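> Fold the following.
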Amino acid sequence: MNDPNGSPKAVVRLPTAEERDAAVRVLSQAFAQDAIAVDEFERRVADVYAAQTSKALVSITKDLATRSDAPSDVPMRTEASESLARRPSRQMTSVLSSIERKIQGPMPECLEVRSVMGSLELDLRRADFPPGVTEIRMQAVMANIEIELPEHVHVEDEGQAFLSSFSIRGRSGRRDHERSTLVRITGRSVLSNIEVEVDD
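Got it, this is the predicted structure:
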């Protein structure tokens with residue numbers, strides 16, 4: 001095809017569904033590895049589906065492509081030596097995958113749980129929650145996260161949801177003395193389902 005000046009017009013190739021899916025996978029890995037924040041992840045995913053050319057699609061993830069081969073699941077280790085002290089933080093991540101874990105031993109001060117287009121089920125009923133505050137920080141994007149807690153903890157819900165389900169179920173333990181154990185739920189759910197259940 002020629003333009004009005006008689007020069008051949010360049011053929012514009014639209015991105016394929018496979019190319020868009022690959023770009024979303026790169027973004028998902030980057031989000032799981034803290035390379036981009038959730039707001040940037042959402043913006044870039046929207047750009048992926050709005051891209052009208054393959055060149056435009058490539059530009060969205062060009063700065064992140066080299067990080068896409070990193071492993072998506074960061075397991076929680078439970079070596080005996082860890083029983084001596086709480087770690088400041090740990091992370092559980094599920095990207096385009098399904099993970100089920102039962103955790104025993106001392107809980108960290110902050111547990112970061114992330115799932116991007118995946119499913120993560122975490123059983124914490126036999127974990128050791130020391131007196132004081134334990135934060136469970138969740139980030140879910142088009143995902144499902146289910147967490148089970150022991151009956152003696154008290155739960156505070158400070159999570160945010162956008163077009164999502166974010167629920168706390170079950171009986172929450174009393175906070176009637178200084179040594180009560182508080183589990184503070186924070187984070188954000190985007191187009192996802194998050195369920196936290198207190199064992200009763």
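> got the phi/psi numbers for residue 162?
phi -130, psi 110 (degrees, to the nearest 10).
> next one: residue 194
The phi/psi pair for residue 194 (degrees, to the nearest 10) reads phi -120, psi 130.
> Could you list everything it pairs with in the sheet?
As for beta bridges, residue 194 partners with residue 145, residue 166 under DSSP bridges.
> quick one, what contacts it?
Going by CB atoms under 8 Å, 6 or more residues apart in numbering, residue 194 touches 138, 140, 144, 145, 146, 159, 161, 164, 165, 166, 167. C-beta: built from backbone N, CA, C; applies to glycine.
> Can you list the low-confidence ranges for this structure?
Within the chain, the stretches with pLDDT under 70 are 1-12, 65-85, 171-179.
> could you pull out the helices for it?
Under the criterion DSSP state H, helices of the chain are mapped to 17-32, 38-50, 54-61.
> Let's check: the centremost residue of the protein is which one?
In the chain, the centroid-proximal residue (CA atoms, centre = their mean) is residue 114; its distance is 2.1 Å.
> Show me the beta-bridge partners of it.
Bridge pairing for residue 114 (DSSP bridges) gives the partners residue 93, residue 139.
> circling back to that earlier point, can you put the contacts of residue 194 in a markdown table and add neighbour count?
Shown next, in a markdown table, are the contacts of residue 194 (neighbours: other CB atoms under 10 Å):
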| residue | neighbour count |
| --- | --- |
| 138 | 25 |
| 140 | 30 |
| 144 | 19 |
| 145 | 27 |
| 146 | 15 |
| 159 | 22 |
| 161 | 17 |
| 164 | 18 |
| 165 | 12 |
| 166 | 21 |
| 167 | 12 |
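> Nearest to residue 31, out of the residues you listed: which one, please.
Nearest to residue 31 among the contacts of residue 194 is residue 140, at 10.9 Å by CB to CB.
> Leaving out the residues flanking it, which one is nearest to that closest one?
Spatially, and ignoring its direct neighbours in sequence, residue 140 is nearest to residue 192 (3.7 Å; CB to CB, 6 or more residues apart in numbering).
> quick one: contacts for residue 164?
So residue 164 contacts 140, 189, 190, 191, 192, 193, 194 (CB under 8 Å, 6+ apart).
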